[in-house]
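Participant: Give me coordinates for this.
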Amino acid sequence: MLAVMLDRFEALAARLGAVDARAVPVSELADLRAALNLLRLREARASLPAAPGAALDATFAAIAAEARGALPRASLLQRLDAALAACAAEPGRAARRAAVSLSGLRLALFPGAPPPALSAPAPQHGSLPA
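Facilitator: As a prediction, this is how the structure comes out:
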C-alpha cells in the first residue's frame, strides 16, 4: 500500500512542479505529509515493542477521535508527544523509524507547536559521549 501511495505522491509532485508554488495551499501539502507519515506508522506498528506500540495505538485512536471532533487538538498533541517519547526511548531501527514518522506527523499537524520535551537517551555501551 505504501508503494502505491508513494507512486501517487510522485505523480502529484511532478504536477506540482509545473504549477506555481504560490497556487498550492501549504495546508494541502501538510495533509499529504501527515497521510504519508500515518501510513508509515501503520506499517511500523507490527515491529514495535509493547510500550511504544501501545503508545502508537493510543495515538491512532486520538487522531481518529480528533478527526470526529471528539478530542481537543491539544490532547492529540499530548498523545503524539507521548508516543514520540516512547519510541525515542526504545533502541532499535523500528522504533527509530516510528519516531521519525511521528515527528513528521507532528510537524504536519502542528507546525507552530514548540518542540516536544524529550529526555536524552542513555548512551549505549561502547558509544562515544556527545
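
Participant: Can you get me the start-to-end distance on stretch 43-58?
Facilitator: One end of stretch 43-58 to the other measures 16 Å (CA to CA, to the nearest Å).

Participant: Tell me which residues of that stretch come out buried.
Facilitator: 44, 48, 52-53, 55-56 (16 or more other CB atoms under 10 Å). For the C-beta atoms, the positions are set from N, CA and C on the backbone; glycine is no exception.

Participant: again, but for stretch 108-118
Facilitator: Buried-residue list, stretch 108-118, by 16+ other CB under 10 Å: 108-110, 116.

Participant: Just the mean pLDDT for it, thanks.
Facilitator: In this model, stretch 108-118 has an average pLDDT of 91.

Participant: Mind listing residues that contact that stretch?
Facilitator: 30-31, 33-34, 37, 73, 76-77, 80-81, 84-85, 88, 106 (CB atoms under 8 Å, 6 or more residues apart in numbering).

Participant: Now a ChimeraX select for only the buried ones of those residues.
Facilitator: Buried residues within the contacts of stretch 108-118, by 16+ other CB under 10 Å, are selected in ChimeraX with:
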select :33,34,37,76,77,80,81,84,85,88,106
